[in-house]
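Asker: quick one, what's the 3D model for this:
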Amino acid sequence: MKTRLAFGLLAAAAMLALPLRAAQDGADADGPLPFDALPADAASPFGGMAISPTRVVLDAGGRGASVTLYNSGGAPVTYRIDEVELGLDQQGNYRQLAEGEPAPWAATPYLRFSPRQVTLQPGQRQSVRIIARAPRDLPPGELRSHLSISSIPLVAPVEDKPAAAEEPGKERTVAVTVGLDYRITIPVLLRTGQPAGGTAIEAALPDPEAQSPALLVTLARTGQRSDYGVLRAYDATGAEIGLLRGVAVLPPSRTRVVRLPLQGDHPPVRLTYAEEDAGALKGAVLAEFTMP
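Answerer: Next up, the predicted model:
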């Protein structure tokens, strides 16, 4: 007898880094709660999995933070929460660590997550608490780990139908459907010893490989921790012709090259890198650059 199995595909989400603040402890109840509408700051790429916020910053002596999971789909979902370590490439993008590669920047030894697994019915939410347990005498700096939240595939129930009489020589087919495994990974930054920030724009050159106008902008971290903000380009009239949100130069990297798309017919003459809060409002200018 031959058996045919039909399985779902495995899908993975790109790491997100949106300018969002972590909720403080006590913002949500401990158990699953219903919600009326999806928050504006939630990331919901697919599969009914939504997460808010998508970037967490902790102080070594702070109260901790929480990340809220939402099941905005139409079926129960079990989520698994794990910590992972990721490196950075020369462009400042996340990468998998090589086997045996150390992660001296890891915040995991000083972090505690709870719960590690939760099942949510449609329309329920659950807070995942993140607490920092770092010694206060650590040198000033910024440690980093990631929180990986993935849905556990569920096997669809088999329909209860009476078995039909088998014809001699005919193969029997068994179909099993497995749900998709969705995953999203968010950074958790632990700042120790009151580190100072600082970022500079070192260079900006036209992107020779871009099909539409764009700049390759080199950012340099000058402080002990990363800044987090938005990169803008302006033409000679002062009009904004380029915008890139959620930009940071994370330790241990000192520089990062980002691609800034441009719009309009006028060339850029000035760039700024500024802080930006969760409401996407313009904040303090951290760095400026004048095109040569």
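
Asker: show me what contacts the residue nearest to V249 when sequence neighbours are not counted?
Answerer: Closest residue to V249 apart from its sequence neighbours, by C-beta to C-beta, 6 or more residues apart in numbering: R221 at 3.9 Å. (Each C-beta comes from the backbone N, C-alpha and C, glycine too.) R221 makes contacts with G198, T199, D227, V249, L250, P251, S253, R254, T255, R256, as judged by C-beta atoms under 8 Å, 6 or more residues apart in numbering.

Asker: recalculate using a threshold of 7 Å.
Answerer: Contacts for R221 were tallied using C-beta atoms under 7 Å, 6 or more residues apart in numbering; they are G198, T199, V249, S253, R254.

Asker: how about V247?
Answerer: L219, G229, V230, L231, V258.

Asker: so what pairs up with it in the strands?
Answerer: V247 has these beta-bridge partners by DSSP bridges: G229.

Asker: repeat for Y79
Answerer: Taking DSSP bridges as the rule, Y79 bridges to V118, S151.

Asker: rewinding a little: and the residue nearest to V249, what are its phi and psi?
Answerer: Here is the backbone geometry of R221 (degrees, to the nearest 10): phi -80, psi 120.

Asker: for it, give me the pLDDT.
Answerer: On the pLDDT scale, R221 is placed at 96.

Asker: make 693 the starting number, not 1.
Answerer: Happy to do that; since the first residue is 693 now, the last one works out to R913.

Asker: distance of it from P944?
Answerer: Remark: distance between R913 and P944 (C-beta to C-beta, to the nearest Å) = 9 Å.

Asker: state the mean pLDDT of the helix or strand L882 falls within.
Answerer: Here L882, judged by DSSP states H and E, is contained in strand 875-884. Averaging pLDDT along strand 875-884 yields 92.

Asker: shaky segments in the stretch 743-892 of the chain?
Answerer: Per-residue confidence for the stretch 743-892 of the chain (pLDDT under 70) gives these ranges: 845-873.

Asker: ok, back up a step: between the contacts of R913, which has the most around it?
Answerer: Neighbour counts for the contacts of R913 peak at V941, which has 25 neighbours (criterion: other C-beta atoms under 10 Å).

Asker: mind listing the helices for the chain?
Answerer: In the chain, no helices are defined using DSSP state H.

Asker: got the domain boundaries for it?
Answerer: 725-884, 891-982 (automatic domain parsing).

Asker: for the record, mean pLDDT for stretch 948-966?
Answerer: The model assigns stretch 948-966 a mean pLDDT of 95.

Asker: list the buried residues in that stretch.
Answerer: Neighbour counts over stretch 948-966 (16 or more other C-beta atoms under 10 Å) mark R948, V950, L952, L954, P960, L963, T964, Y965, A966 as buried.

Asker: over to stretch 896-912?
Answerer: By 16+ other C-beta under 10 Å, the buried positions in stretch 896-912 come out as A896, D899, P905, A906, L907, L908, V909, T910, L911, A912.

Asker: tell me how far the first one lies from G833.
Answerer: According to C-beta to C-beta, A896 stands 28 Å off from G833.

Asker: try the second one
Answerer: Applying C-beta to C-beta, the value for D899 to G833 is 33 Å.

Asker: ok, the last one next?
Answerer: Taking C-beta to C-beta as the criterion, A912 is separated from G833 by 17 Å.

Asker: P768 contacts V810, doesn't it?
Answerer: No - the pair P768 / V810 is not scored as a contact, 10.9 Å apart, by C-beta atoms under 7 Å.
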